[in-house]
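A.B. asks: no sequence on this one, just coordinates:
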């Protein structure tokens, strides 16, 4: 699984009170008072057994190296790192602790009051004190090397620490293996530190000093996590202040949270989980306890933020930020579930799920309010020229944005269908084309919202006194709806058949407009324009056409069709119904009426085409059409 991260989140450590742990307490560290660590060996039997000789030898060897690295023996030893200075000797030290454990078990079985047993206990306390110091030094000195992103990179790298494989006497601190030598030096150092920590942790835990090791680890690593969250710039907003917070401020915090949670999950918590599992890999109980102590509080704190946000006033314009949060948690959920898989961190998973539930409830509430806002729109002024209504623009732009969140909305609405007043969307949409392919919950919901808008537009069309203009208004607005659906993800949600059905409505509205607006003009022309007519009838026909065309053009000069394709289609359709018949009539009788003056034949076919081509621009040039007398003799084709 690909992971993203950010380096240099963490800075110098400020120790705090050690975190509590469920690890059992270790044996007492009090050393019997003595002038020095040299001692008088207890009297042994004249002929010690072979096993006792071996144990005595291990005790003697362990005593030499453990006393050498007693942190209280000298200032130099106190401030020098065994693991940094001498990898070979560090391996010997860990082997000595292992041998010391064996000797202690042996002496307990032989004689629980043996002086050798007492000496072994004293040496064990000294060794553990040394290892505690080394463990803390490695964690502190390698804060940058143990950056979560580096830890993530090193998790798949095979390497060797200064003390790993300490059973191999031929090894040395220089034997650091890297696949193909491609790993960078800083990543090698991180790998070395991780393996050194693992070796020390396993040694201390097996010696009964797990609690001390865990306390050191938890204290340092928790401070790193907390500091990392702080450095990411996340600010907590209390739920009782949410109603008083300006939306602009809250929106900024939401955007910041989205960035923070991605880095926190993919880098900070992921890296900590890997490091914790690596260092305490020998004990499932300890690594679970440690990771919980380190990360649970910060993670729960972060995933509480979305639930707090849902307590703000749920107006429709806030929905997209809610969806951003929901989408972020949904995308991160596989990682959240994996990183916080332990039972002790189940509250993090629960909080994330609870936030999703609250966000879903908020989105459903806001979409209900959005529908209500459409239905309650009370604007009573018709849009000049039958153009686009502001409500159409607002609703369709809003729905197109919602289309970008179709997968998330589907999740939100699938199990929680929106309740609407009867009749339900499913009832009113029963005859829609999408019945052939069962609608998802969100496609049904979005189709319903568009239907609510279209019903509202039908009522607004009634505000126009001119019926032709009301149909042009509907054609314009439904065309805008279709073009918006076609140009965004709503196309894939509603489907081609839905678009086809609503394009048919646009064509029907346009046809109704043409029939009502231009039928009177077309009726002034004879059915057979080239048939023989009396001159007086011809004159009357031209006069009737001039008057009708002038009246229609004067009214429609301010009408508008914003969509270029629809505008051209309407103009071509109108011209097809009028110009060919007029051209034939004009061609038949223009010579006959040439001497009658321009008041009888005011338009050539070219003039008609020009005037029709200028329609629907919304210029508002009302008034009679004026044509120069020379147009009668223009050579335009007809």
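C.D. replies: Yes, it's here. All of these numbers come straight from a predicted model, not from anything done at the bench.

A.B. asks: For residue 255, give me its contacts.
C.D. replies: 321, 324 (Cβ atoms under 8 Å, 6 or more residues apart in numbering). Where C-beta positions appear, they are placed from N, C-alpha and C, glycine not excepted.

A.B. asks: ok, so what distance separates it from residue 233?
C.D. replies: The gap separating residue 255 from residue 233 is 11 Å, by Cβ to Cβ, to the nearest Å.

A.B. asks: how is this protein carved up into domains?
C.D. replies: Domain segmentation of the chain under automatic domain parsing yields 50-172+183-208, 223-373, 380-515, 524-633.

A.B. asks: what ranges of this protein fall below the confidence cut-off?
C.D. replies: Filtered on pLDDT under 70, the chain yields the residue ranges 1-48, 50-52, 74-79, 85-86, 111-113, 148, 152-184, 415-439, 593-599, 618-638.

A.B. asks: burial count for residue 527?
C.D. replies: Burial measure for residue 527: 7 neighbouring residues, criterion other Cβ atoms under 10 Å.

A.B. asks: helix, strand or coil for residue 457?
C.D. replies: helix (DSSP: H, G, I helix; E, B strand; the rest coil).

A.B. asks: Relative to residue 210, how far out is the closest residue in space to it that isn't next to it in sequence?
C.D. replies: If the residues on either side of it in the chain are set aside, residue 457 comes closest to residue 477, at 5.2 Å by Cβ to Cβ, 6 or more residues apart in numbering. Separation of residue 477 from residue 210 (Cβ to Cβ) stands at 73 Å.

A.B. asks: now residue 105
C.D. replies: Distance from residue 105 to residue 210, by Cβ to Cβ: 18 Å.

A.B. asks: Looking at those two, which is more packed in?
C.D. replies: residue 210 (24 against 13).

A.B. asks: right, and the more buried one touches residue 287 too?
C.D. replies: No. Here residue 210 does not reach residue 287: they are 11.2 Å apart, not a contact under Cβ atoms under 8 Å.

A.B. asks: for stretch 549-566, how far is the first residue from the last?
C.D. replies: 22 Å (Cα to Cα, to the nearest Å).

A.B. asks: now stretch 83-92
C.D. replies: Across stretch 83-92, first to last residue, Cα to Cα, it's 11 Å.

A.B. asks: For that stretch, buried residues please.
C.D. replies: 83-84, 86-92 (16 or more other Cβ atoms under 10 Å).

A.B. asks: separation between residue 193 and residue 143?
C.D. replies: Distance from residue 193 to residue 143, by Cβ to Cβ: 10 Å.

A.B. asks: between the two, who's got more neighbours?
C.D. replies: Legend: neighbour count by other Cβ under 10 Å for residue 193 and residue 143, higher for residue 193 (25 against 18).

A.B. asks: what about that one, distance to residue 278?
C.D. replies: Taking Cβ to Cβ, one finds residue 193 at 11 Å from residue 278.

A.B. asks: Quick check: closest non-adjacent residue to the most centrally placed residue in the chain.
C.D. replies: For the chain, the residue nearest the mean C-alpha position is residue 328 (3.3 Å; Cα atoms, centre = their mean). Take residue 328 and drop its neighbours on the chain: the residue closest to it by Cβ to Cβ, 6+ apart is residue 258, 5.0 Å away.

A.B. asks: thinking the one you found is in contact with residue 324, fair?
C.D. replies: Yes. Taking contacts as Cβ under 8 Å, residue 258 lies within contact range of residue 324: 5.8 Å.

A.B. asks: quick one: residue 413 and residue 445 touch, right?
C.D. replies: Yes. Residue 413 is within contact range of residue 445, at 5.9 Å (criterion: Cβ under 8 Å).

A.B. asks: Contacts only, for residue 521.
C.D. replies: 545, 548-549, 552, 578.

A.B. asks: Apply 6 Å and report the result again.
C.D. replies: 548-549, 552 (Cβ atoms under 6 Å, 6 or more residues apart in numbering).

A.B. asks: top of those by neighbour count?
C.D. replies: residue 549 (23 neighbours).

A.B. asks: For that residue, pull up the helix or strand it's in.
C.D. replies: helix 535-556 (DSSP states H and E).

A.B. asks: For residue 404, give its distance to residue 364.
C.D. replies: Taken as Cβ to Cβ, the span from residue 404 to residue 364 is 18 Å.

A.B. asks: Please compute how far whichever strand or helix holds residue 501 lies from its chain's middle.
C.D. replies: Using DSSP H and E, residue 501 sits in helix 496-523. The chain centre lies 43 Å from the centre of helix 496-523; the measure is Cα atoms, centre = their mean, to the nearest Å.

A.B. asks: what's the answer for stretch 523-531, then?
C.D. replies: The answer for stretch 523-531 is 66 Å, by Cα atoms, centre = their mean.

A.B. asks: what's the neighbour count on residue 529?
C.D. replies: 18.

A.B. asks: How about the stretch of helix or strand residue 399 belongs to, which residues are buried there?
C.D. replies: Assigning secondary structure by DSSP H and E places residue 399 in helix 390-403. By neighbour count on 16+ other Cβ under 10 Å, the buried set for helix 390-403 is 391-392, 394-396, 398-400, 402-403.

A.B. asks: tell me which strands and helices it is in contact with?
C.D. replies: helix 467-486 (3 or more Cβ pairs under 6 Å, 6 or more residues apart in numbering; DSSP states H and E).

A.B. asks: which parts of the helix it packs on are buried?
C.D. replies: For helix 467-486, by 16+ other Cβ under 10 Å, it's 468-485.

A.B. asks: how far is it from where the chain is centred?
C.D. replies: 35 Å.

A.B. asks: Touching it from outside, list them.
C.D. replies: 386, 388-389, 392, 396, 400, 457, 461, 464, 491, 494, 499, 502-503, 505-506, 509-510, 512-513, 516-517, 563, 566.

A.B. asks: buried set for the helix or strand just after that helix?
C.D. replies: Next helix or strand after helix 467-486 toward the C-terminus (DSSP H and E): helix 490-494. For helix 490-494, a neighbour-count test (16+ other Cβ under 10 Å) marks 490-491, 493-494 as buried.

A.B. asks: Next: stretch 522-536.
C.D. replies: 522, 524-526, 529, 533.

A.B. asks: what sits up against that stretch?
C.D. replies: 544-545, 548, 577-578, 581, 584-585, 588.

A.B. asks: Go again with 8 Å.
C.D. replies: Contacts for stretch 522-536 (Cβ under 8 Å, 6+ apart): 541, 544-545, 548, 577-578, 581-582, 584-585, 588-589, 592-593.

A.B. asks: For those residues, work out which two are farthest apart.
C.D. replies: 577 and 592 (24.9 Å; Cβ to Cβ).

A.B. asks: can you pull out the helices in the stretch 51-200 of the chain?
C.D. replies: 75-79, 82-85, 87-110, 115-141, 148-154, 185-206 (DSSP state H, counting those that start in this stretch).

A.B. asks: Pick the most buried one from those.
C.D. replies: With neighbours defined as mean count of other Cβ atoms under 10 Å, those peak in mean count at helix 148-154, which reaches a mean of 23.

A.B. asks: which residues does residue 99 contact?
C.D. replies: Contacts of residue 99 by Cβ under 8 Å, 6+ apart are 58-59, 61-62.

A.B. asks: what about the closest residue to residue 513 other than its chain neighbours, distance to residue 516?
C.D. replies: The spatially closest residue to residue 513, leaving aside those adjacent along the chain, is residue 471, at 4.1 Å (Cβ to Cβ, 6+ apart). Going from residue 471 to residue 516 by Cβ to Cβ gives 7 Å.

A.B. asks: repeat for residue 259
C.D. replies: For residue 259, the distance to residue 516 - Cβ to Cβ - is 57 Å.

A.B. asks: In terms of neighbours, single out the busier of those two.
C.D. replies: residue 516 (16 against 13).

A.B. asks: Give the residue from residue 577 and residue 592 that has the larger number of neighbours.
C.D. replies: Comparing residue 577 with residue 592 by other Cβ under 10 Å, the one with more neighbours is residue 577, at 16 against 13.
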